[in-house]
Structures are given as C-alpha cells and as structure tokens.
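Trainee: what shape does this take:
(4 chains)
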2 protein chains.
Amino acid sequence: MSVDLELAPKQKRPPGEPCCEPVVYPDVEREQAERMATIAKALGDPVRLQLVDVLRKHAGKVCVCELVPLFDLSQPTVSHHLKKLREAGIVGSEREGLWAYYYVIPDALKELSAWLS
Amino acid sequence: MSVDLELAPKQKRPPGEPCCEPVVYPDVEREQAERMATIAKALGDPVRLQLVDVLRKHAGKVCVCELVPLFDLSQPTVSHHLKKLREAGIVGSEREGLWAYYYVIPDALKELSAWLS
DNA sequence: ACTCCAGATCGACGCTCATCTATCTACTTC
DNA sequence: GAAGTAGATAGATGAGCGTCGATCTGGAGT
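Mentor: Numbers count the residues shown, from 1 in each chain, chains lettered A, B, ... in the order given. Next comes the predicted model:
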C-alpha cells in the first residue's frame, strides 16, 4: 500500500493562497481500506474479539455450547456476534446434528495483520 | 494470551445433562481484549483507516489541511474522525500557529498487531 | 482593532448496533 | 409422535455513530 501524497510545504504561505494542493488517494487503496475496515469493525467489540481469540486457540472447530457460557450474555446475543463474524468473513460454521461448530477462516485476518505490522 | 478452555466432549451425551461444563475466560484477557477492541473499533471505519495509513507513510507529522482534501467529506467530519483516533490513543496532535499536525503514536498498534499475527 | 483563515466544537438527523425476551426450526430420544 | 434441546431468527429498545451546516476559537497579517 502506497500513497502518492507529496507533503506540502510546512512553512508559512502568503494569505489568500490555498493552504495546500489537493492530493489523491488511489482508488485501489480505498477498496483495500474498505476490506480491512470491515474486518477491524468486526473485531471492534470485546466479545467478538474474545470469540475469535478462543476459536484461534483451538485450531479445530468449537461448539457454540462452549462459547456461550464464556460470556455473561444471552445465547441469542452470542449467536448474533457469531453471525457478525461470519458476515465479515472471519469465521465459518458447520452444523452437526443439534450442535453448531465455528472455526476461524484461514487467512481471513492476513491482510489486516500485514498492514498493521 | 491463552485461555483455560478445555474442549468439551464432542460426542453425543445423554439428554438431561447440560451440553457442556461452564468454562472461564480469564479477566486479564478480558482487559486485553477490551484494549485491542478499542483500537480495532477505531480502525473499523474506512476513512479512519486511510487516515492512519497516510500518517504512517509520512513518519513525521502531517498537517490537517493535507488530510481533508483526501476525502470527499466536510472538514468537520474529518476533524471528528481524527478526534476518534486521538481518543483511541492511535494518533497524537500538535498545534503550530494556525496549523495542526497529526502523527501516529509509536507502538499504539503493537498489541493488536502482535495478537493478529 | 479589524479581518481572515485553520481547525475544533455544537446540534441535529438518520442509521446502525448491542442487547434482551419470545419464538421458531430442526434434530434426538423415548 | 411427543417431549426436549441447541441454535437461529424476529422484534423491540436504548445507545452510539457518521455526516452535515453553523458556529466558535484563537493565531496571523494588515
């Protein structure tokens, strides 16, 4: 990710002139920013971040019935958070009889992780 | 970050018994999750993520008058986003005469970055 | 002192979010 | 098929968010 932004002069300029020239932020990066912001937004709730944390610890799939009692929240609320994570493409789910298992989608966090470091 | 969650048995259990034993998520990690979620939430808007992106590219300070024209947004809106980033502890600001300069606070993203990778 | 400008703050608007209770779906066991 | 159970969905509510135009603040230049 790179930006074609040239730093404008920092020194004083005669009044009447515009403060600085308009700069462009490439569309490609706009799209990347949107993708990463979607991921970040999904992780922007402590409950969801903890859910992802637990799922990442247990590389395999984890049953919802194990996730719910981790929080002081109703089952529908936890289900709602899992749905958000699913919609953001961070986790996937499988049903197996009565139980539902969730897992982290490999590489879902890769782009954001790379940008952050 | 580690969790003392033992995977409950995945096989069928006789009905009447609870689905799985209650597990605990340590308080220390709750606090860490809260800190990281604050950062993630602040990055959870494309505009703010792009702001941070630009600031990180230019290791020094960047004038607000250069940031505003990058977006198709009013000046107050950009100012609002910068405030959010400041409140999250991601950026800092300095005034210099008429101009205000923003910069990324070193290591602000470190904890989240480490957790993600 | 007066004017001009960069940036922050205010107040309002519509929309989204996190949470709850209640209900529904689908599978299992008797 | 009747009862029980895991999980998802629906609908409601109150709080928060992103955006705007208007206004305020305070330094700069004349």
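
Trainee: quick one: the helices in chain A?
Mentor: A:27-42, A:46-57, A:64-67, A:75-87, A:110-116 (DSSP state H).

Trainee: any chance of these in JSON lines, plus mean pLDDT, distance to DNA strand C and mean neighbour count?
Mentor: To be clear about C-beta, it is placed using only N, CA and C from the backbone, and glycine gets the same treatment. What follows is the helices of chain A, written out as JSON lines (pLDDT from 0 to 100; distance: least, Cβ to the nearest atom of the strand, whole Å; neighbours: other Cβ atoms under 10 Å in any protein chain shown):
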{"stretch": "helix A:27-42", "mean pLDDT": "93", "distance to DNA strand C": "7", "mean neighbour count": "18"}
{"stretch": "helix A:46-57", "mean pLDDT": "96", "distance to DNA strand C": "5", "mean neighbour count": "22"}
{"stretch": "helix A:64-67", "mean pLDDT": "94", "distance to DNA strand C": "13", "mean neighbour count": "20"}
{"stretch": "helix A:75-87", "mean pLDDT": "98", "distance to DNA strand C": "3", "mean neighbour count": "16"}
{"stretch": "helix A:110-116", "mean pLDDT": "97", "distance to DNA strand C": "17", "mean neighbour count": "18"}
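
Trainee: which among the ones you listed is found nearest to residue B:68?
Mentor: Nearest to residue B:68, of all the helices of chain A, is helix A:27-42, at 16.1 Å by Cβ to Cβ.

Trainee: can you list contacts of that closest one?
Mentor: Residues from elsewhere that reach helix A:27-42, judged by Cβ atoms under 8 Å, 6 or more residues apart in numbering or on different chains: A:1-3, A:48, A:84-85, A:87-90, A:108-109, A:111-112, A:115, B:40-41, B:43-46, B:48-50, B:53.

Trainee: contacts with DNA strand D among those residues, please.
Mentor: Among the contacts of helix A:27-42, the ones lying near DNA strand D by Cβ under 7 Å from any atom of the strand are B:44-45, B:48.

Trainee: now those residues in JSON lines, with distance to residue B:74?
Mentor: As requested, those are exported to JSON lines (distance: Cβ to Cβ, whole Å):
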{"residue": "B:44", "distance to residue B:74": "21"}
{"residue": "B:45", "distance to residue B:74": "15"}
{"residue": "B:48", "distance to residue B:74": "15"}
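
Trainee: so which of those reach chain A?
Mentor: Contacts with chain A within those, as defined by Cβ under 8 Å from any Cβ of the partner chain: B:44-45, B:48.

Trainee: from those residues, which single one is nearest residue B:97?
Mentor: The closest of these, once distances to residue B:97 are taken by Cβ to Cβ, is residue B:48, at 26.0 Å.
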